[in-house]
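Asks: below: sequence and its predicted model.
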Amino acid sequence: MQKQAGVQPRFQVIKNFICHAIGDRTYPPGAQIPTEHELAKKFDVSRMTANRAVKELVADGLLVRYQGLGTFVAIIQAESPLLEIRNIADEIRGRHNVYSNQRHRLQKVQANKDLANQLGISAGDPVFHSLIVHKENGRPLQLAERYVNAVIVPNYIKQDFSVTTPSQYLSELFPLSEIEHIVEAILPNSQEQDLLNISADTPCLLVNRRTWSANNLISCARLVHPGNLYRLSSRSVV
């Protein structure tokens with residue numbers, strides 16, 4: 001019998017159901033999903049079909065199986081490469097999770113002496129200041145405080161960062177030629193505690209980042225992540 005065009009295989013329907021339930025947190029990280037018997041009954045398929053759907057999601061890293069206990073949603077720690085910049089929205093969606101953000105500040109200010117030194121400009125020069133919380137499945141993952149050279153990037157303040165992220169906007173407009181990362185372990189200040197919804201004793205990962213394009217220093221950023229949710233990786237060929 002010829003397969004009807006456009007009709008998904010039943011195991012793929014089950015996979016889509018589980019992925020959607022993970023995305024909307026019906027099954028949050030660490031939650032147990034229905035058994036293969038229950039999935040087979042729900043979707044009126046064989047146990048073998050349900051098994052294939054679950055096995056593929058385990059292979060994809062979205063589920064983990066524990067012998068004698070069942071199958072659970074994987075608790076995935078966000079990870080970014082240290083030696084490059086990736087759009088955090090793409091990272092989150094790449095984990096089959098839901099990206100959102102909350103903008104707290106987007107304004108024009110005058111650079112003080114310290115900021116001027118960071119950006120290679122003169123004190124009093126105009127800069128744009130943004131403060132955005134990036135979220136994964138509604139949970140704060142990164143607090144991004146960024147200062148951008150207003151002379152080089154005059155339209156930064158006009159962007160709708162609910163549609164694009166600052167990193168995506170800047171990298172598309174100014175291809176990167178140099179990146180500086182300084183990584184520290186910190187305890188969050190009061191603003192970081194409030195915006196990331198964490199306690200004062202939560203260890204955090206701080207990344208101080210500066211970016212250049214064609215030898216122009218474009219921006220500097222202070223990126224704060226709850227340490228239990230985020231890690232950085234580095235790999236080089238020697």
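Replies: Ah, there it is. Numbers count the residues shown, from 1 in each chain.
Asks: in three-state terms, label Q193 for me.
Replies: helix (DSSP: H, G, I helix; E, B strand; the rest coil).
Asks: contacting residues for it?
Replies: S199, A200, T202 (C-beta atoms under 8 Å, 6 or more residues apart in numbering). For glycine as for every other residue, the C-beta is placed from the backbone atoms N, C-alpha and C.
Asks: same thing with P9?
Replies: Applying C-beta under 8 Å, 6+ apart, no residues contact P9.
Asks: how does it look with 10 Å?
Replies: K3, K15, V45, T49, R52, A53 (C-beta atoms under 10 Å, 6 or more residues apart in numbering).
Asks: swap in V98?
Replies: Applying C-beta under 10 Å, 6+ apart, the residues contacting V98 are I22, G23, D24, R25, I92, K135, E136, N137, G138, R139.
Asks: how about R222, nearest residue that isn't a chain neighbour?
Replies: Excluding the flanking residues, the one nearest R222 by C-beta to C-beta, 6 or more residues apart in numbering is E145, at 4.5 Å.
Asks: ok, that neighbour touching Q191?
Replies: Yes: here E145 reaches Q191: they are 9.1 Å apart, a contact under C-beta atoms under 10 Å.
Asks: residues shared between the contacts of these two?
Replies: H104, L131, V224.
Asks: from those residues, pick the one nearest D60.
Replies: V224 (29.6 Å; C-beta to C-beta).
Asks: how many neighbours does I18 have?
Replies: When neighbours are defined as other C-beta atoms under 10 Å, I18 has 23 of them.
Asks: now do the helix or strand it falls within: which elements does it pack against?
Replies: Assessed by DSSP states H and E, I18 sits inside helix 10-23. On a contact count with 3 or more C-beta pairs under 10 Å, 6 or more residues apart in numbering; DSSP states H and E, helix 10-23 meets helix 36-43, helix 47-59, strand 63-66, strand 70-73.
Asks: just to revisit the earlier point, the contacts of V98: which two are farthest apart?
Replies: Most distant of the contacts of V98, by C-beta to C-beta, are I22 and K135, 15.7 Å apart.
Asks: between these two, which one's more packed in?
Replies: Between I22 and K135, counting by other C-beta under 10 Å, I22 is the more crowded of the two (24 against 20).
Asks: touching, that one and H96? I think so.
Replies: Yes: between I22 and H96 there is a contact at 6.6 Å, judged by C-beta under 10 Å.
Asks: joint contacts of these two?
Replies: In contact with both I22 and H96: L57, L62, using C-beta under 10 Å, 6+ apart.
Asks: what segments of this protein are helices?
Replies: 10-23, 36-43, 47-59, 88-94, 113-119, 166-173, 190-196 (DSSP state H).
Asks: ok, and what's touching the longest one?
Replies: Helix 10-23 is contacted from outside by 7-9, 26-29, 31, 33-34, 36, 39-40, 42-46, 48-57, 60, 62-63, 71, 73-74, 93, 95-98, 137, using C-beta under 10 Å, 6+ apart.
Asks: cool, and stretch 47-65?
Replies: 9-19, 22, 27, 30, 32-43, 45-46, 70-76, 95-97.
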